[in-house]
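Engineer: following is a predicted model, sequence given first.
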Amino acid sequence: MTDIRNIVILTGAGVSAESGIDTFRADGGLWEQHRIEDVATPEGFARDPDLVLRFYEMRKEQIQTKLPNPAHQALARLEAEWDGNLLLVTQNIDDLHERGGSKSVLHMHGEALLALCSACEARSPWPGVMVERPPCPSCGAAALRPDVVWFGEMPYRMDEIYAALGACDLFVSIGTSGAVYPAAGFVREAKAHGAQTLELNLERSQGSGWFDETRLGPAGEIVPEWVDQMLGGSFT
Ligand code: NAD
Ligand code: APR
């Protein structure tokens with residue numbers, strides 16, 4: 001086993017599923033309840049902004065009723081006690097990692113609790129009711145949209161993510177289907193730079209074949225077990 005100091009963790013909807021938040025591609029998931037074209041693309045927003053704003057208003061309200069689960073809490077403990085470098089990248093737009101105790105979370109797909117001004121690009125907390133088109137707190141324009149990365153848009157802070165993938169000793173993917181790029185390609189980027197790779201998921205994902213090891217089970221159980229191993233020095 002190589003000495004592990006620098007870790008990159010990628011989480012997906014499966015980590016929040018343990019808190020009762022719908023995933024995207026499970027039976028009955030978000031993409032069966034809503035067409036991606038209508039609610040998660042710039043074209044959908046231009047076509048019917050009220051529909052999109054109501055969709056993210058609903059997601060924000062759903063998120064605010066949920067609580068972090070043992071997977072979030074275990075990742076926060078790892079952040080606090082790990083003596084190497086740790087980058088937590090999430091595709092999730094909820095704030096459960098933060099409410100579970102993580103201090104540094106890179107939201108590559110944005111955050112449901114933030115609004116982005118299309119006029120001045122300032123971010124601000126999601127205002128009361130977006131469908132009433134409140135003015136941007138910074139520039140006053142009625143040009144607020146969800147601060148969420150839609151299909152076809154570039155995720156946030158990719159340079160920082162690729163730099164960390166190039167320097168990590170261990171890449172861990174938790175609760176993601178490996179259906180959406182560029183996140184789905186992170187495992188290959190880490191492997192190409194010599195990292196060990198581990199997947200924690202309820203079932204095998206589209207990218208499972210790229211991982212050195214895949215452990216199956218609910219994130220609320222297998223993530224705390226893995227963190228205990230890492231902090232106890234018994235991860236091999
Ligand atoms: P992609 O080609 O990786 O799409 C993977 C899956 O997403 C497809 O199989 C399809 O199910 C769905 N999809 C993607 N684009 C779609 C579209 N325009 N209409 C309907 N379904 C679509 O995704 P992409 O288009 O290459 O976009 C990838 C970019 O979008 C990445 O930057 C990703 O981070 C971002 N993204 C963000 C969200 C979000 O809601 N935050 C959703 C998906 C993708
Ligand atoms: N514990 C662990 N993993 C779980 C659990 C659980 N309790 N429940 C579901 N999963 C796993 C599923 O096996 C699946 O691999 O979570 C994954 C959910 O996959 P998706 O619904 O595709 O969600 P995600 O991979 O996060 O989607 C990626 O696509 O639509 C976009 O922006 C959206 O960020 C999202 C991206």
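Structural biologist: Ah, there it is. Ligands and ions are numbered 1, 2, ... in the order given.
Engineer: residues in contact with the helix or strand of the chain with the lowest mean pLDDT: which ones?
Structural biologist: Using mean pLDDT, DSSP states H and E, helix 30-33 stands out as the lowest-scoring helix or strand of the chain, at a mean of 74. Here helix 30-33 makes contact (C-beta atoms under 8 Å, 6 or more residues apart in numbering) with 22-25. For glycine as for every other residue, the C-beta is placed from the backbone atoms N, C-alpha and C.
Engineer: quick check: domain ranges of the chain?
Structural biologist: By the record's domain assignment, the chain is partitioned as 1-20+68-109+155-236, 22-65+112-148 (automatic domain parsing).
Engineer: please identify the helix or strand for Trp226.
Structural biologist: helix 219-232 (DSSP states H and E).
Engineer: now do that helix: which elements does it pack against?
Structural biologist: helix 13-17, helix 70-81, strand 170-174, strand 196-201, strand 213-216 (3 or more C-beta pairs under 8 Å, 6 or more residues apart in numbering; DSSP states H and E).
Engineer: Gln91: which of the ones you listed is closest?
Structural biologist: helix 13-17 (7.3 Å; C-beta to C-beta).
Engineer: for the closest one, C-alpha coordinates in PDB please.
Structural biologist: Only the C-alpha atoms of helix 13-17 are listed here, as PDB (Å, rounded to 0.1, in the frame of the first residue of the first chain):
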ATOM      1  CA  ALA A  13     -26.700  12.300  -5.000                       C
ATOM      2  CA  GLY A  14     -26.300   8.900  -3.300                       C
ATOM      3  CA  VAL A  15     -24.800  10.600  -0.200                       C
ATOM      4  CA  SER A  16     -27.900  12.800   0.100                       C
ATOM      5  CA  ALA A  17     -30.200   9.900  -0.600                       C
END
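Engineer: so how far is Asp3 from Ile222?
Structural biologist: Applying C-beta to C-beta, to the nearest Å, the value for Ile222 to Asp3 is 24 Å.
Engineer: name the helices or strands packed onto the longest helix along the chain?
Structural biologist: Scanning the chain for the longest helix, with DSSP state H as the assignment, gives helix 49-64. If you count contacts as 3+ C-beta pairs under 8 Å, 6+ apart, helix 49-64 packs onto helix 36-39, helix 42-47, strand 110-117, strand 144-148.
Engineer: if we use 6 Å, what do you get?
Structural biologist: For helix 49-64, the packing partners by 3 or more C-beta pairs under 6 Å, 6 or more residues apart in numbering; DSSP states H and E come out as strand 110-117.
Engineer: give the partner strands of the strand it packs on in its sheet and their orientations.
Structural biologist: strand 123-125 (antiparallel), strand 144-148 (antiparallel) (DSSP bridges).
Engineer: buried sites along the shortest one?
Structural biologist: Spelled out, that is strand 123-125. When neighbours are counted by 16 or more other C-beta atoms under 10 Å, no buried residue of strand 123-125 is found.
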